[in-house]
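Q: Here is the input, now give the coordinates:
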Amino acid sequence: MTNMKRIGIIGFGIMGEAFATGFLRRLPELSLLVHDAKQDRRDAAARTRGLSVAASAAEVLQGSDLTVLSVKPQDFAAFAAEVKGAARGKAVISILAGRKIQSVSDSLGTDQVARFMPTLAAVKGASMVGVSFHADAGARMREDALQLAGALGAALEIPEKLMSAMTGVSGSGLAFVFQFVHAMAQGGVAAGFDYRTALAVAVAGLEGAASLLKDGTHPMELASRVTSPAGTTIQGVRALEKAGFTAAVMEAVEAAARKAADFEG
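A: Numbers count the residues shown, from 1 in each chain. Below you'll find the model as predicted:
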């Protein structure tokens, strides 16, 4: 059971809608109150999803036990000026990329702030969500926020200084996985498959690999099990490493993390 009764969502774009889906799937006892600056998104929330829609962001903050801020980072200053009175002392979850917890706290007048770093996989309830808290966030707020993060997949509480690393490995990392799967499918085409079939085979392989990794077995131990002496796999592994595969992936993660750190404010 949850302590919460009503969750607010301000900003009903892709992530706002993903949050709504996850919350209703895993915590159906909750009621949701949403607001978006765009009329078509408010209509989508009301007509398509059957959610309660507020006339303003301030109304969401005032009428919710905890509110998810899913506004665009470039719109945050204007948003904060608009709602600061209503936000004072309220519990909020920020998913604003590059916006530090203290900045959100100072702008809104509340120390009950959590910061989430979800991925697009939240739309399927399969996101690992990095979670950090303001030092003065209360125990109940922390418990509630972690429960909400879990409704999107799984929660991982981390110090805020690791949020940029979380972006590199998880948020941006999702795109690296998509690139890899596409490359696998392209290789399948080169070997004789049509693209649709090659993609299906590559995705099945990815799902199988993920299932084997989930028990904590080291990836190199698993790789060794399918790499026989003088066999096909070792030839492919050698081709990857000759092209700098490991170093390229490491640099991609670090580059994304560096860029995320540059955005911090």
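Q: going forward, measure contacts and count neighbours with C-alpha atoms only.
A: Fine.
Q: Now do the contacts for Gln186.
A: Gln186 sits next to 195, 198 when contact means CA atoms under 8 Å, 6 or more residues apart in numbering.
Q: hang on, it in a strand?
A: No: judged by DSSP: H, G, I helix; E, B strand; the rest coil, Gln186 forms no part of a strand; its state is helix.
Q: Check the gap between it and Leu27 for me.
A: 40 Å (CA to CA, to the nearest Å).
Q: cool, Gly208 as well?
A: Gly208 is 29 Å from Leu27, by CA to CA.
Q: More neighbours: those two, which one.
A: Set Gly208 next to Leu27 and count neighbours by other CA atoms under 10 Å: Leu27 wins out with 16 against 11.
Q: Assess the claim that the more buried one and Leu152 are in contact.
A: No: judged on CA atoms under 8 Å, Leu27 makes no contact with Leu152 at a distance of 10.4 Å.
Q: tell me what the longest strand seen in the chain is packed against?
A: Counting residues, the longest strand in the chain under DSSP state E turns out to be strand 127-133. Secondary-structure packing of strand 127-133 (3 or more CA pairs under 8 Å, 6 or more residues apart in numbering; DSSP states H and E): strand 113-117, helix 139-150, strand 153-157.
Q: and the spatially most distant residue from the centre of the chain, what helix or strand is that in?
A: Distance from the C-alpha centroid of the chain peaks at Ala230, with 41.0 Å (CA atoms, centre = their mean). Ala230 is part of no helix or strand, with elements assigned from DSSP states H and E.
Q: outside of the longest strand of the chain, which residues touch it?
A: 101, 113-121, 142, 146, 149-150, 152-160, 163, 166, 170.
Q: Quickly run through the sheet partners of that strand, with directions.
A: Strand 127-133 has the following sheet partners, assigned by DSSP bridges: strand 113-117 (antiparallel), strand 153-157 (parallel).
Q: Need the winner for burial among those strands.
A: strand 113-117 (a mean of 26; mean count of other CA atoms under 10 Å).
Q: Report the angle between that strand and helix 139-150.
A: 20 degrees (axes from the mean of the first three to the mean of the last three CA atoms, to 10 degrees).
Q: Relative to Leu96, how far out is Met163?
A: 12 Å.
Q: The two - which one has more neighbours?
A: Shown here are Met163 and Leu96; by other CA under 10 Å, Met163 has more neighbours (26 against 20).
Q: mind listing what the more buried one touches?
A: 117, 130.
Q: what residues are shared contacts of Leu27 and Leu152?
A: With CA under 8 Å, 6+ apart as the test, Leu27 and Leu152 reach no residue in common.
Q: the domain parsing of this protein - what is it?
A: 6-160, 171-263 (automatic domain parsing).
Q: Make a markdown table from those and add mean pLDDT to it.
A: Shown next, in a markdown table, are the domains of the chain (pLDDT from 0 to 100):
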| stretch | mean pLDDT |
| --- | --- |
| domain 6-160 | 94 |
| domain 171-263 | 96 |
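Q: Pick the most deeply packed of those.
A: Of these, the one with the most neighbours on average (mean count of other CA under 10 Å) is domain 6-160, at a mean of 19.
Q: how far is it from where the chain is centred?
A: The offset between the C-alpha centroid of domain 6-160 and the centroid of the whole chain comes to 12 Å, using CA atoms, centre = their mean, to the nearest Å.
Q: now stretch 147-161
A: The mean C-alpha position of stretch 147-161 is separated from the chain mean by 9 Å, CA atoms, centre = their mean.
Q: Using CSV, write out every CA atom in it.
A: Taking C-alpha atoms only, stretch 147-161 is exported to CSV below (Å, rounded to 0.1, in the frame of the first residue of the first chain):
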residue,chain,number,x,y,z
GLN,A,147,7.8,3.7,-4.9
LEU,A,148,6.9,5.9,-7.9
ALA,A,149,10.3,5.3,-9.5
GLY,A,150,9.7,1.5,-9.1
ALA,A,151,6.4,1.9,-10.9
LEU,A,152,8.4,2.8,-14.0
GLY,A,153,10.6,-0.3,-13.8
ALA,A,154,13.2,-0.2,-11.0
ALA,A,155,14.6,2.5,-8.7
LEU,A,156,18.3,3.0,-8.1
GLU,A,157,19.1,5.6,-5.4
ILE,A,158,22.4,7.4,-6.2
PRO,A,159,24.2,10.5,-5.1
GLU,A,160,23.4,13.4,-7.4
LYS,A,161,27.0,13.7,-8.5
